[in-house]
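K.L.:
predicted structure and sequence below. I'll ask about it afterward.
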Amino acid sequence: MNNDFSETLNEQVACAFANKTPLIIAGGNSKAFYGNHVEGDVISTAKHTGIIEYQPSELIVTVRSGTLLSELEAELKANKQMLAFEPPQHTSSSTIGGAIACGLSGPRRIACGSARDFVLGTTIINGKAEQLRFGGQVMKNVAGYDASRLMVGAQGTLGILLDLSLKVLPMSEAEVTLQLKTELDTSIKHIQQWLKQGLPISASCYVNNSLTLRLSSTPTAVNTSASTINKLFETEEITNDFWLGIKNQSHDFFAEKNLAEDQQLWRCSHQSDTVFYGNNNNTHINDQLIEWNGALRWIKSHRSLYDEAEKNNGHATLYPVNKEHIDTDIFQPLQPGLMKIHQRMKKAFDPENILNPGRLYTSI
């Protein structure tokens, strides 16, 4: 890919800034469902592709935002490395820029960290058509006010991602996935105990009255840990492909056809020891998929869960995974003080409000 494509993007933003024309930022367009509907001219990073620099020995990769997530992951895998936050690949056109812009992390997040933790630096085009570089290629550069990580989850509202420098991690020497039948409360209690014992649990998922665990470490540590679990439960070893369905939200639980009439899918994040939602809000345990050792709950509900999440010091997101968009804010409402901070940040980066206006909240 010709590096000069960034200039094409710059020119399009400059024209939009001059004419105060809103822009819809797209890469692979696989996450169009994740955010409020935006009207405007499309600006696409799909041709801004390629790995700029990759130093396997340094565990760092710098890549253009339009690069397919599958291509980047394949290159890392060839060097026995990975994006440890396991970003979801909703379609074959998913890009690394979209993954970072949406800030979504997969099953390994609870063991290794979120997308934000692995961003070392970014190059963006802000709403004034200025190219800005934040951060660098080493962890020490992120001290202080780290603007590069502001881009994670901002969905392009602060700037169009051009290039990303990311920390990567080595793949585990051995991994095994175990599945067992148990009650939800029992499973969470045992997970916490196993973690205290040092078991290398890199992912957990409770759905359909079954707990699925992934153990990732050296062969000896994995085998020893599996033996510890097998002393308490009868387990079945299944393939690690299970986690692709959870990571990419292609598991049957997420299918729109499996939502009852008037049900909506919610993504609720809390402390892992937060009480589980129950019949008080018309939510049955079979309508939940629990990840991150209890911290992430996917819930099918007939009612809004914003108040329930706030009551439990968490946040909820309406997650229309198989729909193009909905006509209301999908994210947890912000407190007035926090909303003012968001508005000031938006004004600083995008004074004419041309970059994905209203994508996160209709008021910004």
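P.N.:
Thanks, I have it. Residues are numbered from 1 along each chain as shown.
K.L.:
and the gap between the nearest residue to residue 118 once chain neighbours are set aside and residue 339?
P.N.:
Closest residue to residue 118 apart from its sequence neighbours, by CB to CB, 6 or more residues apart in numbering: residue 167 at 4.7 Å. To be clear about C-beta, it is placed using only N, CA and C from the backbone, and glycine gets the same treatment. Residue 167 sits 31 Å away from residue 339, going by CB to CB, to the nearest Å.
K.L.:
of those two, which one has the most company?
P.N.:
residue 167 (19 against 14; other CB atoms under 10 Å).
K.L.:
how far away is the more buried one from residue 203?
P.N.:
From residue 167 to residue 203 the distance is 19 Å (CB to CB).
K.L.:
same thing with residue 50?
P.N.:
From residue 50 to residue 203 the distance is 30 Å (CB to CB).
K.L.:
so how far is residue 194 from the residue located most distally from the centre of the chain?
P.N.:
Residue farthest from the centre of the chain, counting by CA atoms, centre = their mean, is residue 231 at 34.6 Å. Per CB to CB, residue 231 is found 11 Å from residue 194.
K.L.:
I'd like the next helix or strand past the one helix or strand residue 245 maps to.
P.N.:
In this structure, residue 245 sits in helix 242-247 according to DSSP states H and E. Next helix or strand after helix 242-247 toward the C-terminus (DSSP H and E): strand 264-269.
K.L.:
neighbour count for residue 50 and residue 203, which is higher?
P.N.:
Between residue 50 and residue 203, counted using other CB under 10 Å, the more crowded position is residue 203 (27 against 14).
K.L.:
on that earlier part again, show me the contacts for the residue farthest from the centre of the chain.
P.N.:
Not one residue lies near residue 231 by CB atoms under 8 Å, 6 or more residues apart in numbering.
K.L.:
now residue 205
P.N.:
Residue 205 neighbours (CB under 8 Å, 6+ apart): 107, 211-212, 242-243, 246, 289-291.
K.L.:
which stretches of this structure aren't confidently modelled?
P.N.:
1-4, 137-145, 278-285, 321-328 (pLDDT under 70).
K.L.:
and the helices in it, which stretches?
P.N.:
5-19, 69-78, 96-102, 109-112, 147-150, 184-196, 219-230, 242-247, 306-311, 336-349 (DSSP state H).
K.L.:
give me whichever of those helices is most buried.
P.N.:
helix 96-102 (a mean of 28; mean count of other CB atoms under 10 Å).
K.L.:
returning to what we had before: and the contacts of residue 205 as a markdown table, adding distance to residue 176?
P.N.:
Converted to a markdown table, those look like this (distance: CB to CB, whole Å):
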| residue | distance to residue 176 |
| --- | --- |
| 107 | 14 |
| 211 | 14 |
| 212 | 11 |
| 242 | 11 |
| 243 | 12 |
| 246 | 16 |
| 289 | 21 |
| 290 | 20 |
| 291 | 18 |
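K.L.:
find the centremost residue of the protein, please.
P.N.:
Note: the chain centre (CA atoms, centre = their mean) maps to residue 104, 0.7 Å.
K.L.:
so it sits right up against residue 86, yeah?
P.N.:
No: counting by CB atoms under 8 Å, residue 104 does not reach residue 86; the two are 9.4 Å apart.
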